[in-house]
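S.K.: here are the coordinates; sequence isn't available:
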C-alpha cells in the first residue's frame, strides 16, 4: 500500500508492506537531494548510510537527511517494512525553525508515540478530506510536525559508526575547507593521500567523483547565501567558483533553475511571512 501527496511545499509518501525485491528495485542506493528528507521507520530493520557514517535502523527511528548529504538505505531481507518519507524545502521554513533543523543530527530513536500517530493522521486526511482542501491541510499539518523536530535539539542521537577513517578525514576536510578547494590536489596536500586514493575512497563510498561532490556542496552553500539576499554575482566568489559562467552552469545542473529564480522565490516567501505575521 502506498499513499503519496505532492503539494507546492512538500511531498509526503507512506509505504506499507513493501517486499525486499521492491525495495531493491527502488532508488535507495547512494543519492542526494537538494531539499530536506525525513524518514520515519514504523516497521523493518536495516542499515542507513550517510556520508562516512552508518546506523542500524529499527522501528521508531527518525532519519533526518539534509540537502546535499549522500545517503543510502538497505532493509534486511525477508522483512516487510513500513515507513513515512517527507521532503520539504528549507526556503519554505521560518528562519528560526530552519536554524534548529539544520543543527540536528541524522538519526534519533523516538520514544514519543505521538509522532507516529501524527504522521499517520495524514493518511486519514488523504481518505477523508476533499481534494481541493487536502494540500492546504497537509502543508499546515507538516509545519506542526516540523516544530516537533525542534524539540530534538537537546536529545542524544543514535550511535553512529564510521566505515573508513580515511574517508572521514577527506569528507571532514572538504566540509571545513569547501570554498578553498579547486582540485583533488588541494585535498591530497592536507590529508596526505595520493590522488588515486582520494578519488577511489570517495567514489567507492558515495558513488560520485570527488570533484562532482565538491561542486554539489558548493551549490548547496550558494543556495543558502542566495536565500539570505546575497547577489549571485557575489555568491559565486564566496563559494569558491573561479568564474560566474561555471557557477551558473553548475548551479542550474544541480537545481534545474537559475540562481536568480531562487532569489525571486525567496523574496516572495519572505513577503508571505511578513503578511502572515
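M.R.: That came through fine. All values derive from a computational prediction rather than experimental measurement.

S.K.: excluding sequence neighbours, find me the nearest residue to the residue nearest the centre of the chain.
M.R.: Centroid check for the chain by CA atoms, centre = their mean gives residue 66 as the closest residue, at 2.9 Å. In space, not counting the residues next to it along the chain, residue 66 is nearest to residue 36; the distance is 6.2 Å by CB to CB, 6 or more residues apart in numbering. Bear in mind the C-beta positions are built from the backbone N, C-alpha and C, glycine included.

S.K.: what is the neighbour count of that neighbour?
M.R.: In terms of burial, residue 36 registers 23 neighbours under the definition other CB atoms under 10 Å.

S.K.: who does it bridge with?
M.R.: When bridges are called by DSSP bridges, residue 36 pairs up with residue 88.

S.K.: report the separation between the residue nearest to the centre of the chain and residue 59.
M.R.: 23 Å (CB to CB, to the nearest Å).

S.K.: tell me where the stretch 151-277 of the chain has helices.
M.R.: Under the criterion DSSP state H, counting those that start in this stretch, the stretch 151-277 of the chain carries helices at the ranges 165-177, 184-191, 195-206, 210-227, 232-238, 244-255, 259-276.

S.K.: what's the most buried one of those?
M.R.: Using mean count of other CB atoms under 10 Å, the stretch among the helices of the stretch 151-277 of the chain with the greatest mean number of neighbours is helix 210-227 (a mean of 21).

S.K.: name the helices or strands packed onto it?
M.R.: Contacting helix 210-227 under the criterion 3 or more CB pairs under 8 Å, 6 or more residues apart in numbering; DSSP states H and E are the following elements: helix 165-177, helix 184-191, helix 195-206, helix 232-238, helix 244-255, helix 259-276.

S.K.: mind redoing it with 7 Å?
M.R.: The contact analysis (3 or more CB pairs under 7 Å, 6 or more residues apart in numbering; DSSP states H and E) places helix 210-227 against helix 195-206, helix 232-238, helix 244-255, helix 259-276.
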